[in-house]
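Q: need the 3D shape of this:
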Amino acid sequence: MTSAQQTPFVDKPPIELPHPVRMRILFMVMIGVFLAALDQTVVGTALPRIITDLGGNDLYTWAFTAYLLTSTISGPLYGKLSDLFGRRPIFLFGIGIFMVGSLLAGLSQEMWHLIGARGIQGLGAGALFPIALAVIGDLFSPSERGRYQGLFGAVFGLSVLIGPAIGGLLTDTVGWPFVFFFNLPIGAVVFYVVWRNLPSYHLGGDKPVIDYVGAALFTAALVPILIGLTNKQSADWTDPIVGGLILVGLVIGLVFLVAESRARETIVPLELFRIRSFSISVAAFFLASFGFLAAVVFLPRWFQVVNGSSATESGYQILPLLGGLIISATASGQLVARTGRYKALIFAALVTMAAGLWLLTNLRADTPIPLVWLWMFITGIGVGPSFAVFTLVVQNSVPIQRLGTATSNLTFFQSVGGTIGLAITGTIFGSTLAAEAPRQLVAAGIPPDLAAAGGGQLDAATAVGDLGAAILAQVPEAFRAQVEPFIPAIVDAIHQAVSIATASTFYVGVAASLLAALLVAGLKEVRMRDERPVTDSGHERVGNDHPVAAPGA
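A: You can find the predicted model right below:
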């Protein structure tokens, strides 16, 4: 943007509606986002019972993967479609597909039915989060957006917090199908209120054009990449189902970039990456997701394996992390709304996140739990502003007609960053555990032959339950009397190895957070309330360029 395009203007939203109507729309789209985020966590505590009823233990992870795969891929496509055809029809389509997927998931009779239904759920959920953020950009002025964007980080944290409890309660009382049926009445209310209150409008051209080739190539590139990264948790980088799929996806991705450079109306507008604030925000959010996802995945495992917590208990033991996230996400949005400044805030947040993750690298089997909670809280304080501020920066720096596309691309790169981060940290965890287990056993005074045998029990080492009993059960009965006295020392040594392996995963987040902070230092800050939105043609935009239908039209 030129300096002329950044001159002060009347601080108005692109779409003006009465404040009570805006609040109803805000509340409903936040509930929609809550449902989409909740379904990433609520299934976790229900899945053991689902596997028992439906079978298909070898398909366990696909109950998560199918949802994340379709929601991640569809996000940018929905964002672009909402720019072309309007937020309301795309959001309503998303919540409708999400409800259909929920109904089919609850009616599943076999595991592959459930996986297919979860994919349909994810296809609907992909529309909810990015379009909800875009709606905030449409209905609120730049100076107001921070006040409400921060709430979405809080909603995400709340879904992670109560998801395990809801899943466990419904499974234990009325049955696991109601984990999915739970979405239907709430989704119906969201659908109705958004349909009645959000007007029909779109900020793009009068004759929308869909880039079908770009959409097909985009999907064809991402599917093998994301599946390859998911497979990395159980295979090597050189395996065809990991490195081979990623390579295929990258090749198709290059074809996609060539096609997009020639397309009239692109799915992923490459010109957005020429906007410095957009490209820096996307890259920094991509990196910031590395550390947060590692903490959410590996800390509950540590609590269950080393601390002996149940699955539900471990979900609540990450409350300090989520509490810090909710507090800082909400506060940062309010602060940006009042001051219009964001660069120093997000820089300090990323450094704080790096500091919290660095503290977590000191995790050991005997680390006091309150100290772990403190480290987690510091990390959460650093993570929270990323969910609020980067969205504000992006929406403040792109043309009005690209707001939905830009917002969905930001959330897309955050999801991909988390997937890549988990692939890297999963590899680090496995290799560190394999190296540390024999070392810790020898240091504990275990005889070399027993140390070698104990070091080979890595699957049991990361399982929940009585580790000592599991190890002893695998010892031939004739030798159990000789091995049994060493069991407490073996368990302590393996728990220490698991702790060191868990701690090692946070180094990636430390490095990524500091790199993200370095990128943010290169941002050219423009006060939120001072920047003049521009159209794709480069003309300044003041007031509403598009007529808005009355609510319910």
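Q: contacts and neighbour counts: CA atoms only from here.
A: Fine.
Q: distance check, the residue most central in space within the chain against S408.
A: Centre of the chain computed as the mean C-alpha position; nearest residue by Cα atoms, centre = their mean is S415, 5.0 Å away. Distance from S415 to S408, counting by Cα to Cα, to the nearest Å: 11 Å.
Q: in the host helix or strand of Y507, what's buried?
A: If you go by DSSP states H and E, Y507 is part of helix 506-521. Applying a neighbour-count criterion of 16 or more other Cα atoms under 10 Å, the buried positions in helix 506-521 are 506-520.
Q: residues in contact with that helix?
A: 280-281, 283-285, 287-288, 290-292, 294-295, 343, 346-348, 350-351, 353-355, 357-358, 360-361, 421, 425 (Cα atoms under 8 Å, 6 or more residues apart in numbering).
Q: go again with 7 Å.
A: Outside of helix 506-521, the residues within contact range by Cα atoms under 7 Å, 6 or more residues apart in numbering are 280, 284, 287-288, 290-291, 294, 343, 347, 350-351, 353-354, 357-358, 360-361.
Q: are any of those residues buried, and which?
A: With burial judged by 16+ other Cα under 10 Å, the buried subset of these is 280, 284, 287-288, 290-291, 294, 343, 347, 350-351, 353-354, 357-358, 360-361.
Q: report the distance from the helix holding Y507 to the chain centre.
A: 17 Å (Cα atoms, centre = their mean, to the nearest Å).
Q: what is the mean pLDDT for that helix?
A: Taken as a whole, helix 506-521 has a mean pLDDT of 95.
Q: let's see that helix as CSV, backbone CA atoms only.
A: Extracted as CSV, the C-alpha positions of helix 506-521 are listed here (Å, rounded to 0.1, in the frame of the first residue of the first chain):
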residue,chain,number,x,y,z
PHE,A,506,9.9,-28.2,22.9
TYR,A,507,13.3,-27.1,21.4
VAL,A,508,11.6,-26.9,18.0
GLY,A,509,9.0,-24.5,19.4
VAL,A,510,11.6,-22.4,21.0
ALA,A,511,13.5,-22.0,17.8
ALA,A,512,10.3,-21.4,15.7
SER,A,513,9.0,-18.8,18.2
LEU,A,514,12.2,-16.8,18.1
LEU,A,515,12.3,-17.0,14.3
ALA,A,516,8.7,-15.8,14.2
ALA,A,517,9.6,-12.9,16.6
LEU,A,518,12.4,-12.0,14.3
LEU,A,519,10.0,-11.9,11.4
VAL,A,520,7.6,-9.7,13.4
ALA,A,521,10.4,-7.3,14.0
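Q: so where do the helices sit in the stretch 151-300 of the chain?
A: Counting by DSSP state H, counting those that start in this stretch, residue ranges of the helices within the stretch 151-300 of the chain are 177-181, 183-197, 212-231, 245-262, 276-305.
Q: turn these into JSON lines, columns for mean pLDDT and distance to T171.
A: JSON lines is the format used below for these (pLDDT from 0 to 100; distance: least, Cα to Cα, whole Å):
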{"stretch": "helix 177-181", "mean pLDDT": "91", "distance to T171": "7"}
{"stretch": "helix 183-197", "mean pLDDT": "89", "distance to T171": "15"}
{"stretch": "helix 212-231", "mean pLDDT": "82", "distance to T171": "27"}
{"stretch": "helix 245-262", "mean pLDDT": "90", "distance to T171": "36"}
{"stretch": "helix 276-305", "mean pLDDT": "85", "distance to T171": "20"}
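Q: output these as JSON lines; include the columns distance to Q40.
A: As requested, the helices of the stretch 151-300 of the chain are exported to JSON lines (distance: least, Cα to Cα, whole Å):
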{"stretch": "helix 177-181", "distance to Q40": "12"}
{"stretch": "helix 183-197", "distance to Q40": "13"}
{"stretch": "helix 212-231", "distance to Q40": "15"}
{"stretch": "helix 245-262", "distance to Q40": "24"}
{"stretch": "helix 276-305", "distance to Q40": "12"}
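Q: nearest to K12, out of these?
A: K12 lies closest to helix 183-197 among the helices of the stretch 151-300 of the chain, at 19.6 Å (Cα to Cα).
Q: list the buried residues for the closest one?
A: If you call a residue buried by 16+ other Cα under 10 Å, then helix 183-197 has these buried ones: 183-184, 187, 190-191, 193-197.
Q: the closest residue to I166 other than its chain neighbours and Q395, how far apart?
A: In this structure, I166 finds its nearest non-sequential neighbour in V42, 6.4 Å apart by Cα to Cα, 6 or more residues apart in numbering. As defined by Cα to Cα, V42 lies at a distance of 31 Å from Q395.
Q: those two: which has the busier surroundings?
A: Taking neighbours as other Cα atoms under 10 Å, V42 and Q395 compare with Q395 leading, 28 against 24.
Q: and that one, what is it in contact with?
A: For Q395, the set of contacting residues under the criterion of Cα under 7 Å, 6+ apart consists of 137, 403, 407.
Q: quick check: the last one touching A134?
A: Looking back up the chat, that one is T407. Yes: using Cα atoms under 7 Å, T407 and A134 qualify as a contacting pair, with a distance of 6.3 Å.
Q: quick one, which of these two is more surrounded?
A: Neighbour totals were compared for T407 and A134, and T407 leads with 29 against 25 (other Cα under 10 Å).
Q: what about that one, distance to R22?
A: T407 sits 19 Å away from R22 when distances are taken as Cα to Cα.
Q: in JSON lines, list the buried residues of helix 183-197 along with distance to T173.
A: Formatted as JSON lines, the buried residues of helix 183-197 follow (distance: Cα to Cα, whole Å):
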{"residue": "N183", "distance to T173": "17"}
{"residue": "L184", "distance to T173": "18"}
{"residue": "G187", "distance to T173": "22"}
{"residue": "V190", "distance to T173": "26"}
{"residue": "F191", "distance to T173": "28"}
{"residue": "V193", "distance to T173": "30"}
{"residue": "V194", "distance to T173": "32"}
{"residue": "W195", "distance to T173": "34"}
{"residue": "R196", "distance to T173": "35"}
{"residue": "N197", "distance to T173": "36"}
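Q: following the host helix or strand of G382, which helix or strand shows up next?
A: When elements are assigned from DSSP H and E, G382 belongs to helix 369-397. Next helix or strand after helix 369-397 toward the C-terminus (DSSP H and E): helix 403-443.
Q: what sits against the residue nearest to I166?
A: Residues in contact with V42 (Cα under 7 Å, 6+ apart) are 163-164, 166-167.
Q: now these in JSON lines, with distance to I490 and neighbour count?
A: Written out in JSON lines, the entries for the contacts of V42 read as follows (distance: Cα to Cα, whole Å; neighbours: other Cα atoms under 10 Å):
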{"residue": "G163", "distance to I490": "35", "neighbour count": "25"}
{"residue": "P164", "distance to I490": "32", "neighbour count": "23"}
{"residue": "I166", "distance to I490": "36", "neighbour count": "20"}
{"residue": "G167", "distance to I490": "35", "neighbour count": "26"}
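Q: between those, which is closest to E436?
A: Top of the list for closeness to E436, among these and by Cα to Cα, is P164 at 31.4 Å.
Q: can you tell me how far the closest one is from A37?
A: According to Cα to Cα, P164 and A37 sit 12 Å apart.
Q: same check, this time on A388
A: Going from A388 to A37 by Cα to Cα gives 16 Å.
Q: which one of the two has more residues nearby?
A: When neighbours are counted by other Cα under 10 Å, A388 comes out ahead of the other of A388 and A37, with 30 against 21.
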